[in-house]
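**Student:** Show me how the following folds:
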Amino acid sequence: MTHRGKTVLESPHDDEPTTDLATATVSRQGIVTSWSDAAQRLLGHAATDVVGRVVTEVLAADPSDAVWAALAGAEAWSGTAVLRHRDGSRLDLGLRACPSLDGESKANGFVVAFAPVPTKNGYEDSGGDDRKMLERSFTQAPVALATFDTELRYQGLNDIACEMAGTTAAQLRGRRYQDTVPDNVATRGFLRHLRQVVETGAPTSYDSHFGGRAWNIEMWPVKDPSGRVHGVGTASFDSSAQHWAQQRLALLNEAGTRIGTTLDVVRTAQELTELVVPRLADFVSVDLLDSVLQGEEPTSEPIDAAVVLRRVAHRSAVEGFPEAAVALGAVDTYPAYSPAARCLAVGRPFLSGLEDPDFVRWIEGDDVRSAGVHHVGVHSGMAVPLRARGTVLGVAVFWRRLRPEPFQPDDLVLAEELAGRAAVCVDNARRYTREYTTALTLQRSLLPRGLPGQAAVEAAFRYLPADSQAGAGGDWFDVIPLSGTRVALVVGDVAGHGVRASATMGSLRTAVRTLADVDLPPDELLTHLDDLVTRLTSDDGTTASDAQDTDGISATCLYAVYDPVSRRCTLASAGHPPPGVLYPDGTVSLVGLSPGPPLGVGGLPFEATELELPEGSLIALYTDGLIEARDHDIDAGLDLLCQALARPSPSLDVTCDTLIDALLPSPTVQPGEPPSRLLSSLRPEGSPSRSARPTDDVALLVARIRALHADQVATWSLPADPEIVADARLQASRQLQAWGLEEAGFVTELVVSELVTNAIRYGATPIQLRLIRDRTLICEVSDGNSAAPHLRRARTFDEGGRGLLLVSQLTQGWGTRQTTSGKTIWAEQLLPTGHA
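**Tutor:** Coordinates of the predicted model:
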């Protein structure tokens, strides 16, 4: 049976257990085949003196004792026996003998256990001196025992306690405990509990760690018959095996919740290092193949040569020790004999250390690594491959320097389990990175990389993709030049993230550009766009009514058209937040829109809002990712937007950055992070970069309003009289002379003649001719008939039909747009050289 950490044998003649159990094995022929340390301590015979000899010759005080006869009969036996000590004295011992069976259940020998037999007056020893037996039991106990007086001076220590102290009992006896140990957490805790027992007279127990091991320490008061405390007894049990087993189980349990909390490759590697330092290792590094960081499919074959890896995470138990030989984000080539390359080559983990010549050869090739081993004290390591689903992803390397004990095979099993869990999470993140990169690439290919040249506004933009957890979304923006120097400003947001959202965004952006080319008013354009989204949703097998609750398409959009001649801006919204306007006098306000429903709902109208914008005004269009945040609602975000918009700014690019900085969290990217984490925002060349990654996509378009002045526009109202055509040509010619554009006179007169003639012949009053001089020369003729002309090829004998064909051939472009009173036909031509 087991009693307080000791194995004891019950005596058949007494209910008190005996201590100091000794064991031996004896063959059927009576030959001693093994001899324990406890047997040597109890009987004084060394194993070399006993093993191989007949047991009765060595031990039996009386050769005719019944026990030896029982053994000869190959039967189990228990009782007392008198054995001979090495010094010749006789010992009464409790003895139990059990047969040892072979594969055929036949006895081939005996296991014999024996221990001193207690008496009613105490323990007998070879000389009958009870005190001597007690001293032996104290000294030879398999746990660390010590006694102190009430002044906490050593009174006695057994052999194991002396080994722990690194000295002898004679050198410590009479000295105070605190004078013999260094001052640290473990010794302060031991001293505090000693004082507690002296002061309270009550026993106590606690767990401690020192010397690289775990201990369960029992303390009890030593009292006289009157109950007065005269000292303290202590027993320290080595519980390292149980402690580290519990720690391993705890690490494995925590790994399930602490590794893989994000779909980010680098963060997953960091979580592994944070978990195991300092609980398993003093320094850990994680290196991955570049293909993993890029989301590509890494090799599934073992790597049997030098390997190039990128450092994505490392952690030390002591800041700066050891100094990392490879910086975060840096690439290093590991030779074939290095621990990292070797474990990848064999596909399994292995231990390494100073006794490994390949390890020594590797560290001697790098000054930082060599210093870490020879000066800092790194002495033991484990290299563990990161493999998931049969694919090699990288390697994790664990080092010890603070803890004196080297890594053991159990540690290697634990490290392999932890690395396996981390590898699966890294592979999941890699697969997600591939999808995220695909969606982001598609999204960026569909967004404008620059803004088209036009005269109506000066514009700047920012596009920030969401962090990799959310995935690339469906936000977009656009600046679309329209006829008559007008411009359309667009922002939109497709609900959801991923490739599907990006593809839908591309479809809607293309549709907006197509409808803008037809020159539809903003409210009509959104009506057509809503019909398109409804059809796309139906094609997905989802009805428009439940699109919001299923995988159907839902999107918002804001479409604005600005005319620099009239300085009027017409806007319509499909569930989109209102733009902010900064007026020249410094005031800021949100445009009071009449917002319609999001695109895809169907069946509800959209209303246009018109306002006049003074020259120099600034209008900001954006998606909801800019104003929505976890720490404030939309109203608070709109207030922040207005406050940031009101700040003085030297340029539109600075204005964009001011808005981003005011409404989005600061960047959290750490220095040296690998390229996979440094996906920059879409922005014009030369503008400041930003590494902040919002939780939702952000599209921001800021435009400063320009205006065309009276000296750039000439307008004439014309009667519906064919004779007025010649006068219209003359008026146009004179205006060109005033602008210094005589070289454009021939083409302009031909265009005016054709367009005015068509308006008089096929249109209706009122008829108006307008010339606009800006970056190009534009000729517009408006009339009251909404029927649009069509370009056709005239037959040989046709008297008409050639005018518009001629206009299309001589000008850069022409077209028609609907107005509230009819239509406008326009033609645009380049300015003569030197006038652009």
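**Student:** Please, where are all the strands along the stretch 201-350 of the chain?
**Tutor:** Taking DSSP state E, counting those that start in this stretch as the criterion, the stretch 201-350 of the chain carries its strands at 204-210, 213-223, 229-238, 283-288, 307-316, 331-334, 350-353.
**Student:** Residue 274: which of those is closest?
**Tutor:** In terms of C-beta to C-beta, the element of the strands of the stretch 201-350 of the chain nearest to residue 274 is strand 307-316, at 6.4 Å. In short, each C-beta sits where N, CA and C put it, glycine included.
**Student:** partners of that closest one in the sheet?
**Tutor:** strand 283-288 (antiparallel), strand 331-334 (antiparallel) (DSSP bridges).
**Student:** hmm, back to that, quick one: closest of the strands of the stretch 201-350 of the chain to residue 563.
**Tutor:** strand 307-316 (53.8 Å).
**Student:** and that closest one, which residues are buried?
**Tutor:** 307, 309-316 (16 or more other C-beta atoms under 10 Å).
**Student:** could these go into a markdown table alongside pLDDT?
**Tutor:** Shown next, in a markdown table, are the buried residues of strand 307-316 (pLDDT from 0 to 100):
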| residue | pLDDT |
| --- | --- |
| 307 | 89 |
| 309 | 92 |
| 310 | 93 |
| 311 | 93 |
| 312 | 93 |
| 313 | 93 |
| 314 | 93 |
| 315 | 92 |
| 316 | 89 |
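**Student:** farthest pair in the residues you listed?
**Tutor:** So, the buried residues of strand 307-316 by C-beta to C-beta: farthest apart are 307 and 316, at 23.5 Å.
**Student:** The longest helix belonging to the chain: what's the following helix or strand?
**Tutor:** Ranked by residue count under DSSP state H, the longest helix found in the chain is helix 409-446. The helix or strand immediately downstream of helix 409-446 is strand 457-464, counting by DSSP states H and E.
**Student:** What is that following strand packed up against?
**Tutor:** strand 473-481, strand 487-497, helix 652-663, strand 698-705 (3 or more C-beta pairs under 8 Å, 6 or more residues apart in numbering; DSSP states H and E).
**Student:** Mean pLDDT and distance to residue 712 added to these, as a markdown table?
**Tutor:** A markdown table is the format used below for these (pLDDT from 0 to 100; distance: least, C-beta to C-beta, whole Å):
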| stretch | mean pLDDT | distance to residue 712 |
| --- | --- | --- |
| strand 473-481 | 88 | 17 |
| strand 487-497 | 90 | 16 |
| helix 652-663 | 92 | 23 |
| strand 698-705 | 94 | 15 |
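**Student:** To residue 790, which of these lies closest?
**Tutor:** Nearest to residue 790 among the helices and strands packed on strand 457-464 is strand 473-481 (23.3 Å), distances taken as C-beta to C-beta.
**Student:** State the mean pLDDT of stretch 287-302.
**Tutor:** Across stretch 287-302, the average pLDDT comes to 78.
**Student:** Contacts only, for the residue positioned nearest the centre of the chain.
**Tutor:** In the chain, the residue lying closest to the centroid (C-alpha atoms, centre = their mean) is residue 267, at 2.8 Å. Taking C-beta atoms under 8 Å, 6 or more residues apart in numbering, we find residue 267 in contact with 261, 429.
**Student:** That one and residue 696: what is the separation?
**Tutor:** 19 Å (C-beta to C-beta, to the nearest Å).
**Student:** Likewise for residue 456?
**Tutor:** Taking C-beta to C-beta, one finds residue 456 at 30 Å from residue 696.
**Student:** more neighbours, these two?
**Tutor:** Between residue 456 and residue 696, counted using other C-beta atoms under 10 Å, the more crowded position is residue 456 (27 against 19).
**Student:** I am finished for the moment; much appreciated.
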